[in-house]
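> Mind folding the following:
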Amino acid sequence: MLNTKILWILSIFFIALVGMRFNISVLAWVMFVPLLLLVRSIETKKSWFFIFFLIQVAYFLQISKIISDPMPIVMALLFSAPMAIFMWIILLVFEVARRRIGDYIGVFFFASLMSVLEWIIYSFTELGSWGTMTYTQLDDLAFLQLSSLLGITFGSFFIYLSSAFIAVFIANKDRTKFTKSAIITSIVFLLFYSYGVIRVENGVSKGEHVLVAAISSNMQISPDNIPEKEHLEKTTNILIEKTKIAIKRGAKLIAWNEGATIIYKENESEFIKKMKIISSLNKVDLFIAYIVPIDKIKKYENKYLFITRGQMLDEYFKFHPVPGEPAIKGTSFAKVGSLEYANVAGAICYDFDFPVLGRELSKKGVDIAIVPSSDWKGIDSIHGKMAMVRAIEGGYSLLRPVRGATSFAFDAYGNIRASMSYYEDNDRIMLASLPTQKIWTLYGAVGDIFPLLLILFMIITGIRFYLKKLLMRKNEEEIKQNELLQQEESQNENSFSAGSSHLPKQIYNKCD
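Numbers count the residues shown, from 1 in each chain. This next block holds a predicted model:
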């Protein structure tokens, strides 16, 4: 086995270099090998605390890759600390279990634990799906198609298995007993990957297309203050003019980026009336995203209005504000608009980091999802492609207008139908032709059943090991009892023999 110091260095570097920005995707398949080898040799509680320190440093460096203006470095700690805690607990549980159940089942137990951890984080916390191993392969469309089957944990499971198998092969001299399961696992993965290749190559969107437009604002919103009213009015008017330009270019559905402008409460009614008139006169559908300050900018409404042909169909509030964001949390999912060309609904930026919300749109039969967003340089274009995975999972087209990063339009296979960089010299009006017919996906139908199956596997493994241990203990007790009985019988025989040898000779003579 490699030197402990080398394993420490490799553990930190592998985790730091995988995921987020500057991601080395191929390294993801061996990312946890050094760490798994390292924990095998741990014997003391003190060593486990050192492991926690190692994991915290590694994840801090990984998250730091997405930090750029205006995000402070403390944000890296905000996300890396809980990630490190979760990872440390899982490693501890796994290693304790592995030493009892062995490496043969242990490789699958590790992959199951890690995949279930991903599911728990994005289902029951506000951290979303950041850090999911599937996102390390965002440029591999064939691999991402696995998400259409059983969600992002399905692809992650195979990546975790890769690290687990390699670690076991390195740690054991006798590798023959793991070879068969490793080969079978590889064949199964290749079959699913082949499905992904075929799906991408033959993926032809059925039905008509609709011309949509994404409009990106250049207004910068600071948590310290609100821009002057004159500047806000100018920004709003520019957005309205760009909306009219998009209409002239033929767009039937137009969306602004998240918080494209700020509208004060006293001016909101007039603003809404103006947008309704534009929608009605031009027979277009609008997703108008903006912010309404309540306590200056310390508290605000982050929402969009879904206006169709002059009528407001939905007023949607961001369902998952980013941790620390002072936005009023939405209490309901988006309403679906049954338009003449497609069923349309949406979400706002960070909302789409949660697969549950994306699947909700799929369950409602959405054909096109609109996701107004606001990013920064450090997550361009990672965050947009993370949202793309929701489209693959749910089988719908996606329009994502963004401030501070690349705006995208995707079809249900993850193909980029249009993109527009925020940092290039353009008019910040992106047009795209999107398919209007939803594609059925297994994940859209069954949801996150895969992590539940993994939980069942771990429970069965635990019960099986417990019963096996009870049986072994029972057998040991029976063996001990038999040994005691044999010892007692032997002692009795010896006692009888010893007693017989001291009998008077006349007794023997009488017996004769």
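> Phi, psi for Val18 please.
For Val18, the backbone dihedrals (degrees, to the nearest 10) come out as phi -100, psi 140.
> And Ile294, by the same measure?
According to degrees, to the nearest 10, Ile294 has phi -110, psi -50.
> Make sure it is actually in contact with Ala327.
No. Using CB atoms under 8 Å, Ile294 is not in contact with Ala327, being 9.8 Å away. No exception for glycine: its C-beta is placed from N, CA and C like everyone else's.
> pLDDT value on the residue most central in space within the chain, please?
For the chain, the residue sitting closest to the mean C-alpha position, by CA atoms, centre = their mean, is Ser129 at 3.1 Å. The confidence metric pLDDT takes the value 95 at Ser129.
> That one: which element?
Assigning secondary structure by DSSP states H and E places Ser129 outside every helix and strand.
> which residues sit in contact with the closest residue to Asn302 other than its chain neighbours?
Closest residue to Asn302 apart from its sequence neighbours, by CB to CB, 6 or more residues apart in numbering: Ala327 at 3.9 Å. Listed by CB atoms under 8 Å, 6 or more residues apart in numbering, the contact partners of Ala327 are 299-302, 317-318, 321.
> Tyr300 versus Ala327, what's the distance?
Here the criterion is CB to CB, to the nearest Å. By it, Ala327 lies 6 Å from Tyr300.
> Under the pLDDT cut-off, which ranges of this structure? List them.
1-2, 222-225, 476, 492-512 (pLDDT under 70).
> can you give me the strands for it?
Counting by DSSP state E, the segments of the chain that form strands are 209-215, 253-256, 285-293, 300-308, 311-317, 337-338, 343-346, 368-370, 373-374, 397-400, 402-403, 407-410, 416-420, 429-435.
> With respect to Asp139, which of those lies nearest?
Of all those, strand 416-420 sits nearest to Asp139, with 11.1 Å by CB to CB.
> roughly how far apart are the residue lying closest to Ile348 once chain neighbours are set aside and Lys363?
For Ile348, ignoring the flanking residues on the chain, the nearest one in space by CB to CB, 6+ apart is Lys318 at 4.3 Å. Here the criterion is CB to CB. By it, Lys318 lies 20 Å from Lys363.
> higher neighbour count, these two?
Neighbour count, other CB atoms under 10 Å: between Lys318 and Lys363, Lys318 has more, with 24 against 12.
> Quick one: residues contacting that one.
Contacts of Lys318 by CB under 8 Å, 6+ apart are 258, 302-303, 327, 329-330, 348-351.
> packing partners for the longest helix seen in the chain?
Longest helix in the chain, counting residues (DSSP state H): helix 449-500. Judged by 3 or more CB pairs under 8 Å, 6 or more residues apart in numbering; DSSP states H and E, helix 449-500 is in contact with helix 74-101, helix 103-124, helix 152-171.
> Would you mind giving the orientation angle of that helix with respect to helix 152-171?
Interaxial angle of helix 449-500 relative to helix 152-171 (axes from the mean of the first three to the mean of the last three CA atoms, to 10 degrees): 40 degrees.
> hang on, isn't Tyr122 packed against Ser129?
Yes. If you go by CB under 8 Å, Tyr122 and Ser129 touch, sitting 4.2 Å apart.
> who touches both of these two?
Common neighbours of Tyr122 and Ser129, counting by CB under 8 Å, 6+ apart, are 353-355.
> can I get these in JSON lines with distance to Glu201 and neighbour count?
Converted to JSON lines, the shared contacts of Tyr122 and Ser129 look like this (distance: CB to CB, whole Å; neighbours: other CB atoms under 10 Å):
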{"residue": "Asp353", "distance to Glu201": "29", "neighbour count": "23"}
{"residue": "Phe354", "distance to Glu201": "30", "neighbour count": "21"}
{"residue": "Pro355", "distance to Glu201": "25", "neighbour count": "26"}
